[in-house]
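J.: Please work out how this folds:
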Amino acid sequence: MVARKRSGQSWDDLRFFLAVARSGTLTAAARQTATEHTTVARRILALEEALGRSLFHRSHVGYALTEAGEALLGVAEAMESAFLGARTGPAGEGHGVSGTVRIGAPDGFGSLFLAPRMHRLTGRHPGLEIEILATARIFSLSKREADIVISLSAPQQARVVARRLTDYRLCVYGSSAYLEAAAPIRSAADFVRHPFVGYIEDMLFARELNYLNEVDPPPLARLRSTNLLAQVHATLAGAGLCILPAFIAAGHPGLVPVLPERLSLTRTFHMHIHEDYRKAAHVRAVAGFIAAEVRAAQGLFAGAGL
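T.: Below you'll find the model as predicted:
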């Protein structure tokens with residue numbers, strides 16, 4: 001009887017462990033588990049005492065997994081996934097999924113594609129919370145900086161499951177006002193006579209973003225930023241020409257494609273998930289949603305109509 005009670009206690013403690021691991025704070029974990037933060041803290045302590053090791057680094061900013069906590073996370077999520085799979089069936093749609101999923105993505109994809117769409121998924125699953133880290137940087141899945149990463153390349157880290165999401169097209173754009181006032185552009189050779197907006201080359205987080213070197217002759221970026229949205233707004237303001245993804249430019253009628261039939265680049269988005277996370281129900285739900293939304297927007301990524 002004692003062993004049976006201890007086993008049930010341990011599984012219940014793991015549920016609280018997952019909530020803290022995913023949210024990073026006792027308050028957020030208490031909200032996810034519909035309990036008080038003191039209850040969450042007590043459960044975590046009980047689990048640490050049962051295992052004889054510390055699972056979290058505690059600080060004024062929240063809870064971060066220790067090495068032992070990271071080792072336990074994959075086991076706990078596999079148990080959770082098996083439980084939810086048995087309860088919901090193969091499709092996993094019979095009941096809502098819960099938890100927090102953090103997505104690391106390039107600023108353009110994260111801000112202008114993911115952000116306007118993710119509420120459709122959270123609306124179906126009230127217990128699901130989404131965090132979008134939309135910034136120009138590389139995210140480490142092994143360090144748990146994100147649960148899902150959208151990348152411009154295949155994974156370089158070990159124990160990462162990847163899938164190719166989509167190719168996307170890039171072209172040269174300028175604002176309608178700039179193009180009306182500037183010298184005419186009749187061929188790619190004319191680009192060097194115009195100022196460009198682009199990335200700061202020595203701060204590129206991915207070599208796939210080094211667009212200007214693929215133009216012959218390469219134009220000069222007189223205004224540079226690490227942020228794609230800053231480049232978009234500089235171009236809209238008439239700062240010059242810019243190589244932009246077609247799916248980004250499509251949301252700005254003031255941007256006009258320039259010689260898209262002569263200069264067009266292609267890049268690829270990949271989705272990466274750590275091997276420990278791929279069976280977790282909440283991560284699977286978000287990954288599946290992203291893939292479906294990307295499939296539905298193939299014309300947007302292909303620059304249909306250019």
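
J.: show me where the protein has strands.
T.: 56-59, 62-65, 99-105, 128-134, 148-151, 160-175, 196-198, 221-224, 241-245, 255-258, 264-274 (DSSP state E).

J.: what is the orientation angle of the last one with strand 99-105?
T.: When you say that, I think you mean strand 264-274. Interaxial angle, strand 264-274 versus strand 99-105 (axes from the mean of the first three to the mean of the last three CA atoms, to 10 degrees): 150 degrees.

J.: hmm, who's touching strand 264-274?
T.: With contacts defined as CB atoms under 8 Å, 6 or more residues apart in numbering, strand 264-274 is touched by 109, 141-142, 144, 147-155, 157, 159-171, 208, 211, 214, 243, 245, 283, 287, 290-291, 294, 303, 306. The way it works is simple: take the backbone N, C-alpha and C, and place the C-beta from them, glycine included.

J.: Go through the strands of the chain and name the closest to residue 119.
T.: Comparing those by their distance to residue 119 (CB to CB), the top pick is strand 128-134, with 8.6 Å.

J.: quick one, the closest one and strand 99-105 angle?
T.: Using the same axes, to 10 degrees: strand 128-134 against strand 99-105 is 20 degrees.

J.: elements contacting strand 128-134?
T.: strand 99-105, helix 119-124, helix 281-296 (3 or more CB pairs under 8 Å, 6 or more residues apart in numbering; DSSP states H and E).

J.: I'd like these laid out as TSV, including distance to residue 25 and mean pLDDT.
T.: As requested, those are exported to TSV (distance: least, CB to CB, whole Å; pLDDT from 0 to 100):
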stretch	distance to residue 25	mean pLDDT
strand 99-105	10	94
helix 119-124	19	95
helix 281-296	18	94
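
J.: can you list those in CSV and add mean neighbour count and distance to residue 58?
T.: Below are these laid out as CSV (neighbours: other CB atoms under 10 Å; distance: least, CB to CB, whole Å):
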stretch, mean neighbour count, distance to residue 58
strand 99-105, 23, 19
helix 119-124, 13, 29
helix 281-296, 19, 24
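
J.: how about those in a markdown table, adding distance to residue 255?
T.: Shown next, in a markdown table, are these (distance: least, CB to CB, whole Å):
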| stretch | distance to residue 255 |
| --- | --- |
| strand 99-105 | 22 |
| helix 119-124 | 26 |
| helix 281-296 | 22 |
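
J.: Kindly supply the ChimeraX command isolating those of the contacts of strand 264-274 that are buried.
T.: In ChimeraX syntax, the buried subset of the contacts of strand 264-274 is picked out as below (16 or more other CB atoms under 10 Å):
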select :109,141,144,147,148,149,150,151,152,155,160,161,165,166,168,169,170,171,211,243,245,283,287,290,294,303
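
J.: For residue 24, find the nearest of the strands of the chain.
T.: Closest among the strands of the chain, once you apply CB to CB, is strand 62-65, at 4.2 Å.

J.: got the buried residues for the closest one?
T.: By neighbour count on 16+ other CB under 10 Å, the buried set for strand 62-65 is 62, 63, 65.

J.: And for stretch 34-53?
T.: 37, 40, 41, 43, 44, 47, 48.

J.: What about the nearest residue to the third one once chain neighbours are set aside, how many residues nearby?
T.: If the residues on either side of it in the chain are set aside, residue 41 comes closest to residue 26, at 5.6 Å by CB to CB, 6 or more residues apart in numbering. Per other CB atoms under 10 Å, the neighbour tally for residue 26 reads 21.
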